[in-house]
Structures are given as C-alpha cells and as structure tokens.
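> Quick one: sequence and predicted model below, then my questions.
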Amino acid sequence: MGILSGSRKLEELFTNTDALPTESSKAQTDTEVSVYELFKDARDKKLINTIKLNRGSHIKYVKDGLKGLPSYLVALDASKPWLCFWMLYSLDILGDELSQDLVKKGISTITKLQNPTGGFGGGPGQISHAAATYAAVNALATIGTKEAYDLIDRSKFLKIKNKFTFIFTSGAYCVLSAATLTNLVTPELTAGTAEWIKRCQNYDGGIGGEPGIEGHGGYTFCGLAAMEIMGKTDLLDIPLLLRWATSLQMQLEGGFQGRPNKLVDGCYSFWVGGLFPLLEAIMTRNLPEKDVEQSNSEVSKYIAQSLFDREALQEYILIACQSPKGGLIDKPKRGADHYHTCYCLSGLSTAQHHVIYDFERAKGKDLDSGARSLLWKDDVTNRIVLGDPNNLINSTHPIHNVALPNVRKMIEHFYGERNF
Ligand SMILES: [Zn+2]
C-alpha cells in the first residue's frame, strides 16, 4: 500500500481539527505540515522508487559517536550499556562488520559495568538493574564472540529479578529476554509474572507500565514480548491489542504514535511496528487448523502480508526520519540521536522483512524459551523494500531486537547445539 505510492491526495489525509484548537491539535497540525511538505516534494519529483537509505552517512554518524560523545550528552553517563547496544546494533543491522578494535573496546567497556553481586549497571560502580542488564546482554549478543558471552557471570545474574520484575512491564521483559538468551529462564523466575502483566492491559487493549496506567507503545511491546517468551499470550485480549496497535499508524505520516492523540515518532517504528510480527504469530497459532491450511482464507491472507502498512512506515522513516548529517530522528526538524537511530532502523528492518514463527517445527514439542526464540525465520519471499533495492538492511529478531543470526549464535553457545 503506502501513502505516496497510493493515489489519494495528501491534503485529504490531514487530521480533522474542530473549531477549538488546543496545544496538542496545533502540534499535530505542525507535524503533519512538515511531513506533508517532504512527501509532496517526493511525490512531485517521483522519488518513490529511487528513495535511498543514506547508509554510509548513518554508519559514519555512529562511528563518530563511538569515538566520543559531545559534552551535552553527559546525562547519558548512566546509560553506557544502552549506548553500546544502540551503536553496535545500528552498525550490525546496517551490515557494517564490527572491527576487531571495536569488539575489544565493547568487551572492555561492558566488563566494567558488571557488578560482583550480579547484573550490569548503567556505569562503572552503579547499581545493577534490569534495563542496563538487558542492554549489556544485547550488546554482547551483537558483538557475538565467545569472549563476549563468557564475561557474563550467570551464577549471580538473576539476583536482579526480585527487585525489578514487578516494578514495570519493561523490567519483566528485560529480565526475561536476557535470561532467554543466556539459558536462565526457570519456573521460579517467571512465577507470577504473566498474571501481573495481564493486569497491566487496559480496556483499550494497550499495556501500561503497571496496573492502572495508560497503555504505551514501549510498555505494550515489553508486555507482549514477555508473554510470548513465557508462552502465556492467551492471558491477554489479543484482538483488542491488535485494534489498539493498528489504530496507532498515522494516516498521513505513515509512522506510529506511541499512544492515542500523541505525535508520530520514529522510535515507535519499532516499539509499535514490532508488535506486529508477534501479533501475527499469535493469531496464526490461534487460527483453527483449516484456516492455516487454506491459503485463500481472508485472515491468513492478511496475516501473510502483515497487519500494518509496511510501505507507509518505510516512507516515513526514509523520507522524514533521515538526518542530512547522518543518523535518524524522531520527526522532521529534530536532531539525530543514537536511541532514535537504533529504533528507526529496527522499525525499518521490521517493515522490510517478514519474520515469521515456524509452527511446523514447533508442533507437538514441549520447547523451552531458547528453542522458541530459534523458531523465528526471515520469510525471504515476503520482503518489501521501498525505493532503492540496496536499502535492504539485516533482519532483526522480533523478541530480542538483535540481528537474527546473532540470537542463534548466543543461544547455541548457552544451550548447546540445537536442531532448529
Ligand atoms: Zn522517540
């Protein structure tokens, strides 16, 4: 589909505003105007088939950041594992091989973030927590060497669980994702978590950070991915969640907002866009057998193509989210940062690739979460690459958000060889 490739007039796609403008409605109109101008220009110049991902300048932006960040980013001092993950992941997903020097530096930085009492902190000597530990494990998975894997002290790693799992849905996801990659998921670890996440789902379908809090793209991704890791998605109202997620794709911008009545933002390309591979897998699993077999069944057909507009999301990322100086952005007129670079690229990968769950291989087997993570496959027959065919980037794992081959490598390291 797509917005520019369609025949509708862009002017028809503006949000209807009533006679009482508010700060939010003005901000929405301003955002739409800035995206409209870029889209109109691209349509007038017929750029849609040649639009380019500026891969070289994004790689340079990340590599410059790895040499040192400007002093105004001092607030990120407690986010060292995140910076490592965002930067290394961005290079990896863009297909730029990590140099030996970078691998060494990454390992030495992350080593200093691990605490003797278990887990990783945001900086050397800082208290361990779930988010920092998740980011450190994902960075090590991206580095992908034995030395990187072996620096994780698994014996104390999960002491962070008791303190953090039940504070936010993101904490639950971070612990479960890291534990899956390192073969540490146990019944004791997951006890009570699924029931607690169920309580975080709201009447509109979104999942909040804790019970009673408004649903939000980031927390909803974390809640759903955590449930998928535990094999407990049946506890959620999936049709309601699907309705909520699809309503967040903007009709003019093509990107996602993080919750209703908010502005489009490039990072939700992953936090909301990334819900769809999970939802598609869950819905396919829940379909009666005959529907899966009948390739012409309506539901299967939609799921096979994906339940969001993959072209429209790519239009937003490629036309509105690439900073001319390199790096990716939240929305037009904003500057690039490493967080948005990582998650715009994760979203782009999710829209280009159709990563599906291999049910055939899972059938009749009682699989642990590591094995289930290995069953996600890139369906190469169903790629959609908007613009220049060289825009294709690597495929990302729908649960861990690490490149698919790196998830396999790490799981095989910690579980032994797997026949999936
Ligand atoms: Zn954002």
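In hand now; what should we look at? This one's a predicted model, so the numbers in the text were calculated from it and none came from an experiment.

> who in the protein is up against the ion?
Counting by CB under 5 Å from the ion, the positions of the chain adjacent to the ion are 265, 267, 330. In this view, the C-beta of every residue, glycine as well, is placed from N, C-alpha and C.

> Buried ones among those residues?
With neighbours counted by 16 or more other CB atoms under 10 Å, those contain buried members at 265, 267, 330.

> Name the spans of the chain whose pLDDT lies under the cut-off.
Screening the chain residue by residue with the criterion pLDDT under 70, one finds the ranges 73, 158-167, 288-302, 304, 420.

> go again using 50 as the cut-off
Within the chain, the ranges that satisfy pLDDT under 50 run 164, 296.

> ok, for the residue of it at minimum distance from the ion, nearest residue in space, not its chain neighbours?
When distances are taken as CB to the ion, the chain reaches nearest to the ion at Cys267, 3.3 Å away. For Cys267, ignoring the flanking residues on the chain, the nearest one in space by CB to CB, 6 or more residues apart in numbering is Tyr343 at 4.0 Å.

> The one helix or strand the one you found maps to: which residues count as buried?
Assigned by DSSP states H and E, Tyr343 falls within helix 338-352. Within helix 338-352, the residues that qualify as buried by neighbour count (16+ other CB under 10 Å) are 338-352.

> Repeat that for stretch 247-262.
Per 16+ other CB under 10 Å, stretch 247-262 contains these buried residues: 248-250, 252-259, 262.

> ok, back up a step: hmm, the residue of the chain closest to the ion is touching Tyr339, no?
Yes: with contact defined as CB atoms under 8 Å, Cys267 counts as touching Tyr339 (6.6 Å).

> quick revisit: adding secondary structure as columns, could you present the residues of the chain next to the ion in CSV?
Compiled in CSV, those are given as follows (DSSP: H, G, I helix; E, B strand; the rest coil):
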residue, secondary structure
Asp265, coil
Cys267, coil
Asp330, coil
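
> could you redo those as TSV and give each row distance to Leu235?
Putting the residues of the chain next to the ion into TSV (distance: CB to CB, whole Å) gives the following:
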residue	distance to Leu235
Asp265	29
Cys267	27
Asp330	33
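
> Excluding chain neighbours, what is closest to Ser34?
Counting by CB to CB, 6+ apart, the residue nearest Ser34 is Pro332, at 4.1 Å.

> typo on my end, it should be Ser5
With CB to CB, 6+ apart as the measure, Ile48 is the residue that lies nearest to Ser5, at 5.6 Å, once sequence neighbours are left out.

> since we're on the one you found, how many residues are nearby?
Neighbourhood size, Ile48 [other CB atoms under 10 Å]: 19.

> To which secondary structure element is it assigned?
Mapping Ile48 onto the secondary structure by DSSP H and E places it in no helix or strand at all.
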